[in-house]
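*Asks:* Quick check, what structure comes out for this input:
(one chain, ligands or ions: 1)
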Amino acid sequence: MKIEVKNLTKYFGNFVALKNINLEIIPGELLALLGPSGSGKTTLLRMIAGLETVEDIDSGEILFNQINVAKKDIAQRDIGFVFQHYALFRHMTVFENIAFGLRVKPKKQRLSNDEINKKVTKLLNLIQLDGFANRFPWQLSGGQRQRVALARALAVEPKVLLLDEPFGALDAKVRSDLRRWLKQLQEELKITTILVTHDQEEALEVADRIVVISKGKIEQVGTPEEVFHNPANEFVINFLGNVNLFHERKNDTEQKYHIRPHELEIVSSEDKDIISKAKIKYIQLAGSQVKIDLEDVEDTTKTILVEISHHEFKNKNLNKGDIIGIIPRELRTFQDGAGI
Ligand SMILES: Nc1ncnc2c1ncn2[C@@H]1O[C@H](COP(=O)(O)OP(=O)(O)OP(=O)(O)O)[C@@H](O)[C@H]1O
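*Replies:* As a prediction, this is how the structure comes out:
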């Protein structure tokens with residue numbers, strides 16, 4: 001299913017929740033809508049779903065395979081949903097929860113009991129919960145419940161899957177396991193999927209493409225590599241991870257440079273190429289990289305973040321209190337909001 005959003009503007013009273021959104025969702029892709037709280041991600045998802053409609057004061061079109069569905073209601077859109085708090089039916093077993101959408105179909109379209117059994121069994125296998133068919137939701141962990149919610153959404157073979165922070169309420173380890181699992185499943189099923197998240201790592205890890213949204217506007221659309229390594233503007237670089245800001249005067253104008261922690265090299269404070277002399281304030285050794293907080297010697301209010309490998313850390317014999325110099329491996333600057 002190809003989805004297109006054209007010149008979509010959405011108002012809530014006087015408030016503009018979405019400003020002239022243009023977006024094409026490629027059939028079979030997993031697209032992440034990424035942005036801070038209140039940026040309009042959920043509103044855009046709900047509009048695609050038909051849970052929020054294009055009113056007279058709004059404008060724009062939402063096309064499903066070239067047909068404008070802006071005025072069609074949710075039942076006509078062939079969509080599967082999983083929300084963060086989309087509760088399963090408490091009084092139904094896992095099996096019946098997954099079978100629900102199949103059982104409530106109009107008689108003419110309904111599968112036989114045998115066919116429903118087969119399909120639910122297959123889905124239970126897909127979500128790796130064979131043997132859990134007769135449990136009730138309260139007998140499952142949070143992660144297992146979300147997998148059942150996903151199977152329930154998939155049971156009716158929707159053309160589009162919409163996921164609104166589906167793993168939001170789970171702890172970090174379960175989240176990261178589930179997102180890998182979701183990515184594999186989505187690649188296998190090739191179902192067009194839109195995932196709303198405010199978690200950069202989640203978007204970078206699972207999405208084929210990311211739409212970065214801020215204040216109802218699209219800031220950038222691109223693959224995870226593109227938005228991370230070639231951010232379109234200051235908002236995107238700041239939102240996609242830690243970044244250090246440096247100022248330099250050049251021909252009477254002030255130039256700003258954005259440098260990520262892993263793009264800085266620690267060298268001797270006597271090195272002639274350094275952009276800053278700084279003191280090591282804090283060293284965090286737990287994690288795959290060593291994180292070092294530096295205090296700029298000339299401006300002690302300024303903290304500089306650096307990330308280096310454990311190997312490099314050992315070789316350089318760095319200690320808290322050392323005065324060192326830093327050199328950028330990469331420089332990035334933006335002018336008039338555009339990336340260079
Ligand atoms: N029904 C509504 N009536 C009025 N304002 C609304 C309504 N729904 C959303 N908004 C406003 O629109 C803006 C965008 O909300 P939305 O839920 O789309 O943000 P979000 O990016 O999904 O945020 P979060 O990550 O916090 O869920 C917010 O300022 C919100 O307060």
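*Asks:* Pull out the buried residues from the longest helix belonging to the chain.
*Replies:* For the chain, the helix with the greatest residue count under DSSP state H is helix 172-189. Residues of helix 172-189 classed as buried: 174-175, 178-179, 181-183, 185-186 (neighbour count, 16 or more other CB atoms under 10 Å). To be clear about C-beta, it is placed using only N, CA and C from the backbone, and glycine gets the same treatment.
*Asks:* Can you tell me which of these is closest to the ligand?
*Replies:* Lowest distance from the ligand to those (CB to the nearest ligand atom) belongs to Arg175, with 15.7 Å.
*Asks:* still on that earlier bit, contacts for the longest helix of the chain, please.
*Replies:* The contact list for helix 172-189 (CB atoms under 8 Å, 6 or more residues apart in numbering) reads 30, 126, 128, 141-143, 146-147, 150, 154, 161, 163, 166-167, 170, 193, 202, 205-206.
*Asks:* make it 10 Å
*Replies:* 28-30, 82, 126-128, 141-144, 146-147, 150-151, 154, 157, 161, 163, 166-170, 191-193, 195, 197, 199, 201-203, 205-208 (CB atoms under 10 Å, 6 or more residues apart in numbering).
*Asks:* Neighbouring strands of the next helix or strand after that helix in the sheet, and parallel or not?
*Replies:* Scanning forward in sequence from helix 172-189 by DSSP states H and E, the next helix or strand is strand 192-197. Strand 192-197 has the following strand partners under DSSP bridges: strand 30-34 (parallel), strand 160-164 (parallel).
*Asks:* can you tell which of those strands is closest to Leu45?
*Replies:* Nearest of the strands paired with strand 192-197 to Leu45, taken as CB to CB: strand 160-164 at 5.6 Å.
*Asks:* which residues in the stretch 151-300 of the chain form strands?
*Replies:* For the stretch 151-300 of the chain, the strands defined by DSSP state E, counting those that start in this stretch cover 160-164, 192-197, 209-214, 217-222, 244-250, 253-259, 264-267, 276-284, 290-296.
*Asks:* what is the orientation angle of the third one with strand 30-34?
*Replies:* Taking axes from the mean of the first three to the mean of the last three CA atoms, to 10 degrees, strand 209-214 and strand 30-34 form an angle of 20 degrees between their directions.
*Asks:* Can you list the buried residues in strand 209-214?
*Replies:* Residues of strand 209-214 classed as buried by neighbour count (16+ other CB under 10 Å): 209-214.
*Asks:* Distance to Lys119 for those residues - can I get that in JSON lines?
*Replies:* Shown next, in JSON lines, are the buried residues of strand 209-214 (distance: CB to CB, whole Å):
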{"residue": "Arg209", "distance to Lys119": "31"}
{"residue": "Ile210", "distance to Lys119": "33"}
{"residue": "Val211", "distance to Lys119": "33"}
{"residue": "Val212", "distance to Lys119": "37"}
{"residue": "Ile213", "distance to Lys119": "36"}
{"residue": "Ser214", "distance to Lys119": "41"}
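*Asks:* in the stretch 51-200 of the chain, what residue is nearest the ligand?
*Replies:* For the stretch 51-200 of the chain, CB to the nearest ligand atom, closest residue to the ligand: His198, 4.7 Å.
*Asks:* distance of that residue from Ile283?
*Replies:* His198 is 29 Å from Ile283, where distance means CB to CB, to the nearest Å.
*Asks:* what residues does the protein put near the ligand?
*Replies:* Residues of the chain lying near the ligand by CB under 6 Å from any ligand atom: 12, 15, 17, 35, 37-43, 198.
*Asks:* Of these, which is the most crowded?
*Replies:* Gly35 (27 neighbours; other CB atoms under 10 Å).
*Asks:* distance of it from Thr42?
*Replies:* 10 Å.
*Asks:* Between these two, which contacts overlap?
*Replies:* With CB under 10 Å, 6+ apart, Gly35 and Thr42 have common neighbours Val196.
*Asks:* Look at Ala75 and give its secondary structure.
*Replies:* Put simply, Ala75 is helix when judged by DSSP: H, G, I helix; E, B strand; the rest coil.
*Asks:* oh, I was asking about Gln144
*Replies:* With three-state DSSP as the basis, Gln144 sits in helix.
*Asks:* That one and Leu150, how far apart?
*Replies:* Per CB to CB, Gln144 is found 11 Å from Leu150.
*Asks:* Could you do Pro158 as well?
*Replies:* 11 Å.
*Asks:* do Leu123 as well
*Replies:* Leu123 sits 9 Å away from Leu150, going by CB to CB.
*Asks:* what about the two, which has more around it?
*Replies:* Neighbour count, other CB under 10 Å: between Leu123 and Leu150, Leu150 has more, with 24 against 20.
*Asks:* sec struct for the nearest residue to that one once chain neighbours are set aside, please.
*Replies:* Using CB to CB, 6 or more residues apart in numbering and skipping the chain neighbours, the partner closest in space to Leu150 is Val82 (5.3 Å). The three-state label for Val82, taken from three-state DSSP, comes out as strand.
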